[in-house]
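Enquirer: Next one to model:
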Amino acid sequence: MLKHLSITNYAIIENLELEINKGFTVITGETGAGKSILLGALSLILGQRADNSVLNNKQKKCIVEGEFTFNKEDYINFFKENDLDFEPSNILRREISENGKSRAFINDTPVSLAILKELTSQLIDIHSQHQVLEIQDNRFQINVIDAFAELDHEVFSYANKFNNYSENLKRLNLLIETANNKNSAIDYITFQVKEIEDLALKPNEKENIQAELEIIVNAEEIKSTLESTSNLLIHSEQNLLANLKNVTKSFDKINHCSEDYKAIYDRLTSVIIELEDIASDVDKINNDFDFNPENLTYLNDRLSKIFSLEQKHNLTNTAEILELLENLKSQLLDSSSYEERILEQKNLIHQQKEELTLIANKISKKRKESFQKLIKNIISNLNQLGMADATFIINHQKLSELSITGIDKIDFLFSSNKGVEPKPLNKAASGGELSRLMLTIKSILAKNKNLATIIFDEIDSGVSGDIADKMAVIMKKISTNIQVIAITHLPQVAAKGETHIKIYKENVNGITKTFLTELTKNERIDELAKMLSGKKLSTAAIENAKVLLENDDLK
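Expert: Below you'll find the predicted structure:
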């Protein structure tokens, strides 16, 4: 369960600490107080993407941290596989820096968003009023059946195999396409190989040519510099070395008089040795320096051909051209084995399809076996929610081809009125009916899925009165097994909470900030009364609020 939530510098939340109890927690507040912002912050530790637009203060980073407790046995494999330390209380943290960079942590160990999301998807299920429409989606409907029939692991394994099968189909089609065009392709590859081989490139040739051209272009300046340096150092009448040697001889005569003179003498001697070495190198380079201006045309022509190849193949250096040559040669060798490879690929795909068909049929059988029990549970819950005449049917068709979910096409058909033919949900159910149906499904799946926390974000939208009260009863029943947090605008739901948290905003020094507080019993009465009658409290509203709190049982 989620024990503690800490939010710093997110939207209008400067700093917020939320302790959350087990059981049924309700969160209420006026429109715009920050309920959706609270969920937005929570979504960060669920692995949702974000940038620095969420920062309240653009000069500081945003930090969202959640403390979770859960059974070690249920998650120990995840922690071992990802080399993470398991703690009695596990801290999940997300940071968004001033420049928008995101970091995620599990127990202070940096992890990828994918790993964070993999863990939190098993811990928390957030259901908002906008997600009610998901129930109309066939993929969602088949996921409901798989969760109810406890087929998640089998379907996940099947999906991985199907993805591999799909990739092999793509490879086969590519092989066939390549084989069909192999004559023209081979001709073109042969031409490319000849074009590169005719150039007879040497490793690093382009770089060497560029260096040689640099010398040729600057040849006069180089020669002049070498000769003037040589003359200055040793060959002119008043050359530097001769003068330095004369100075050194003078200091040689007096170096016994003082350590300072001796030190200067030693340094002069070292300088002469170094300059003689330099002069020798300069002379050698100068004597060896020779260039043929006619090479300029040859080198420019060769460099132009290399550049042309690089541009043609989108390459940047000689090494990449030589690597391309080897790859092209390999393709020529491979081209002769297309038919054999196509046959091997077809055999592999045939084997995979047979295996997938077998698995898909087993999954389909188990799905169909779960239909009646699921329908019975859904109808029972809908009856409790004031839909005594509701009809719910699972329409099943077998697909002619394998899909990522198997060989089943599932449609939920629904009717809320007696004598009316059930139709697909997008044609038969109102918003309020969809909310009740979704709550029914969530309550059933909560018993089957190993979730620690479920969050309902105004799932009661579109209902009121007795129906709202019955929806609250179902949410409270769910909370006997797992932690339930409900963000609600209905007093009937708020009254059923074991813990009641109010979220509100205030203007602090001209800045709007969000706060929250856990309400006492008397504060709950006032809050419920406001939800019943508005900001102005009436005696009748207060009495009604007291009655709601007194009847917060599961009846």
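
Enquirer: Which helix or which strand is home to I393?
Expert: Taking DSSP states H and E as the definition, I393 sits inside strand 391-403.

Enquirer: What segments of the stretch 301-450 of the chain are strands?
Expert: Ranges of strands within the stretch 301-450 of the chain are 391-403, 406-415, 423-424, based on DSSP state E, counting those that start in this stretch.

Enquirer: could those strands go into TSV alongside mean pLDDT, distance to L241 and mean neighbour count?
Expert: C-beta coordinates here come from the backbone N, C-alpha and C atoms, glycine included. Compiled in TSV, the strands of the stretch 301-450 of the chain are given as follows (pLDDT from 0 to 100; distance: least, CB to CB, whole Å; neighbours: other CB atoms under 10 Å):
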stretch	mean pLDDT	distance to L241	mean neighbour count
strand 391-403	94	88	14
strand 406-415	94	91	20
strand 423-424	90	101	14
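
Enquirer: Of all these, which one is nearest L119?
Expert: Checking these against L119 by CB to CB gives strand 406-415 as the closest, at 26.9 Å.

Enquirer: Who does that closest one pair with, and is each partner parallel or antiparallel?
Expert: Strand 406-415 sits in its sheet next to strand 391-403 (antiparallel), strand 423-424 (antiparallel), going by DSSP bridges.

Enquirer: need those in CSV with distance to E87, can you?
Expert: Listed next are the strands paired with strand 406-415 as CSV, based on distance: least, CB to CB, whole Å:
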stretch, distance to E87
strand 391-403, 41
strand 423-424, 47
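
Enquirer: so which of those strands gets nearest R267?
Expert: Short answer: strand 391-403, nearest of the strands paired with strand 406-415 by CB to CB, at 86.4 Å.

Enquirer: how about the CA coordinates for the closest one, as CSV?
Expert: In CSV, the C-alpha atoms belonging to strand 391-403 read as follows (Å, rounded to 0.1, in the frame of the first residue of the first chain):
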residue,chain,number,x,y,z
THR,A,391,-28.5,-7.3,-19.2
PHE,A,392,-24.8,-8.0,-19.9
ILE,A,393,-23.6,-10.4,-22.6
ILE,A,394,-20.1,-11.3,-23.8
ASN,A,395,-20.2,-11.7,-27.5
HIS,A,396,-17.4,-14.0,-28.8
GLN,A,397,-16.1,-14.6,-32.3
LYS,A,398,-13.1,-16.7,-33.4
LEU,A,399,-10.7,-14.8,-35.7
SER,A,400,-9.5,-16.4,-38.9
GLU,A,401,-6.0,-15.1,-38.2
LEU,A,402,-3.8,-14.9,-35.2
SER,A,403,-3.5,-11.5,-33.4
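
Enquirer: Could you list the buried residues of the helix or strand that contains V247?
Expert: Secondary structure assignment for V247, by DSSP H and E: helix 240-254. Neighbour counts over helix 240-254 (16 or more other CB atoms under 10 Å) mark 240-241, 244-245, 248, 251 as buried.

Enquirer: Quick one: distance of it to the chain centre.
Expert: Relative to its parent chain, helix 240-254 has a centroid offset of 74 Å by CA atoms, centre = their mean, to the nearest Å.

Enquirer: what about dumping the CA coordinates of that helix to PDB?
Expert: Coordinates of each C-alpha in helix 240-254 appear next as PDB, following Å, rounded to 0.1, in the frame of the first residue of the first chain:
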ATOM      1  CA  LEU A 240      72.300  32.900 -31.800                       C
ATOM      2  CA  LEU A 241      74.300  29.800 -30.800                       C
ATOM      3  CA  ALA A 242      77.700  31.500 -31.400                       C
ATOM      4  CA  ASN A 243      76.700  34.500 -29.300                       C
ATOM      5  CA  LEU A 244      75.300  32.200 -26.500                       C
ATOM      6  CA  LYS A 245      78.600  30.200 -26.500                       C
ATOM      7  CA  ASN A 246      80.600  33.500 -26.100                       C
ATOM      8  CA  VAL A 247      78.400  34.400 -23.100                       C
ATOM      9  CA  THR A 248      78.800  31.000 -21.700                       C
ATOM     10  CA  LYS A 249      82.600  31.200 -21.900                       C
ATOM     11  CA  SER A 250      82.500  34.500 -20.000                       C
ATOM     12  CA  PHE A 251      80.400  32.900 -17.200                       C
ATOM     13  CA  ASP A 252      82.700  29.900 -17.200                       C
ATOM     14  CA  LYS A 253      85.500  32.200 -16.100                       C
ATOM     15  CA  ILE A 254      83.500  33.500 -13.100                       C
END
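
Enquirer: so what does that helix touch, helix or strand wise?
Expert: helix 259-288 (3 or more CB pairs under 8 Å, 6 or more residues apart in numbering; DSSP states H and E).
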